[in-house]
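Asker: Return atomic coordinates for the entry below.
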Amino acid sequence: MPVGSLARFGAYPAVMGLVILGVWAAPSRDIPLAWLAALVAVGLTAVALLERWCPFDARWQMRDQDFPADVVHAVVNLAVMHAAGLGFVLLRHWAGWPGLWWPRDWPYLAQVLLAGLPLDLSLYAMHRLSHRYGFLWRMHSIHHSSRRLYWLNGERRHPAHAALMAAPGLAVLGVLGAPADVVGGWFAILAVQLAFQHANIDYRLGPLRYLLGVAEVHRWHHRERFEDAQVNFGEFWMVWDHCFGTFYSPRSTLGPVGIEGDPVPHRYGEQLVYPFRTDP
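Answerer: This is a model prediction of the structure:
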């Protein structure tokens, strides 16, 4: 079978399947957090290589002036993602809060998937709010400003906004008493999912695109006109988009991505201060 066909139909299930299998194996390691970090690195590398072999849009393979900032965003936000998971657990421990209820007797992977539900709903809710309110949108617009979609876009976010999006879900998990390794397991899966969601890979998932937030449906969320981008907010599951009427999966041509007028600067430092300098 040609490489293109293998990537098109097998890339996502193969890589995500291995990542999930690796997360399941993490508790047997002496240093599970280091194992999870290595797992994320392997998953992201696989997505980056698949882009070279089977691109969705060859023009998006060309590095642009945003690339250096995108690299910094990825490093910073992957660190923020994992630090947030540890931070809420340490805060709960400092406060002496054991948690209301958490099924610690469940298999580890089942606990990880359970933790993903409030976190994913949190991301969906904050994502929609970020498209409605000025200051939140200015923070979120950094993510939307790229003129191409590729694997690094998944972490192209203002770090304060990335923390805000996860905060409600983390608060729920903190109240429930979710362990740190469970939260870390979900964040490892999510990091690779976000790379796939924005990847410049011509891959297909068939009917599963109605359930999972893959590039086939998420690209429509990045259309240039703001009015056209109010769809497919889901980060991992698309169930929230179905429930709240924001799911969209046409068969027409995608068209340009980014933001009309290109208001967002290209340097990382300038992007950090951009939300605070722009008028509402």
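Asker: tell me which residues form a beta bridge with Val257?
Answerer: Beta-bridge pairing for Val257 (DSSP bridges): Arg223.
Asker: any idea how far Asp241 is from His127?
Answerer: Going from Asp241 to His127 by C-beta to C-beta, to the nearest Å gives 10 Å. C-beta here means a position set from N, CA and C on the backbone, and glycine is covered the same way.
Asker: pull the CA atoms of stretch 199-219 into CSV?
Answerer: The C-alpha trace of stretch 199-219 is given here as CSV (Å, rounded to 0.1, in the frame of the first residue of the first chain):
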residue,chain,number,x,y,z
ALA,A,199,-1.9,18.8,11.5
ASN,A,200,-1.2,19.4,7.8
ILE,A,201,-1.8,15.7,7.1
ASP,A,202,-4.3,14.4,4.6
TYR,A,203,-5.8,11.9,6.9
ARG,A,204,-9.4,10.7,7.1
LEU,A,205,-11.4,9.2,10.0
GLY,A,206,-14.7,8.4,8.2
PRO,A,207,-17.8,8.5,10.5
LEU,A,208,-15.5,8.9,13.6
ARG,A,209,-15.0,12.5,12.6
TYR,A,210,-18.5,13.1,14.0
LEU,A,211,-17.2,12.0,17.4
LEU,A,212,-13.5,13.1,17.5
GLY,A,213,-12.1,16.6,17.0
VAL,A,214,-9.8,15.8,14.2
ALA,A,215,-8.4,18.0,11.5
GLU,A,216,-11.2,17.1,9.0
VAL,A,217,-13.7,19.1,11.1
HIS,A,218,-11.4,21.4,13.0
ARG,A,219,-10.0,23.2,10.0
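Asker: now it: mean pLDDT?
Answerer: Mean per-residue pLDDT for stretch 199-219: 95.
Asker: For the stretch 101-250 of the chain, just list every one of the helices.
Answerer: For the stretch 101-250 of the chain, the helices defined by DSSP state H, counting those that start in this stretch occupy 108-130, 134-144, 159-176, 180-198, 215-218, 239-244.
Asker: Show the average pLDDT along the last one.
Answerer: So that's helix 239-244. Taken as a whole, helix 239-244 has a mean pLDDT of 97.
Asker: How about stretch 155-165?
Answerer: Across stretch 155-165, the average pLDDT comes to 93.
Asker: Overlap of the contact sets of Asp241 and His127?
Answerer: Common neighbours of Asp241 and His127 (criterion: C-beta atoms under 8 Å, 6 or more residues apart in numbering): Phe233.
Asker: Against Pro118, how distant is the nearest residue to Gln111 once chain neighbours are set aside?
Answerer: In space, and not counting its chain neighbours, Gln111 is closest to Val182: 4.7 Å by C-beta to C-beta, 6 or more residues apart in numbering. Applying C-beta to C-beta, the value for Val182 to Pro118 is 12 Å.
Asker: Remind me what the lowest-mean-pLDDT helix or strand in the chain packs against, helices and strands.
Answerer: Lowest by mean pLDDT, DSSP states H and E among the helices and strands of the chain is helix 67-95, with a mean of 80. Under the contact definition 3 or more C-beta pairs under 8 Å, 6 or more residues apart in numbering; DSSP states H and E, helix 67-95 sits against helix 32-53, helix 159-176, helix 180-198, helix 268-277.
Asker: if we look at the longest one, which residues are touching it?
Answerer: Outside helix 32-53, the residues within contact range by C-beta under 8 Å, 6+ apart are 3-4, 7, 11, 15-16, 18-19, 22-23, 25-26, 29, 61, 78, 82, 150-151, 181, 184-185, 187-188, 191-192, 195-196, 199-201, 203.
Asker: quick check: mean pLDDT across that helix?
Answerer: Mean predicted lDDT for helix 32-53 stands at 90.
Asker: Narrow the contacts of helix 32-53 to those that are buried.
Answerer: Buried members of the contacts of helix 32-53, scored by 16 or more other C-beta atoms under 10 Å, are 7, 11, 15-16, 19, 22-23, 26, 78, 82, 150-151, 181, 184-185, 187-188, 191-192, 195-196, 199-201, 203.
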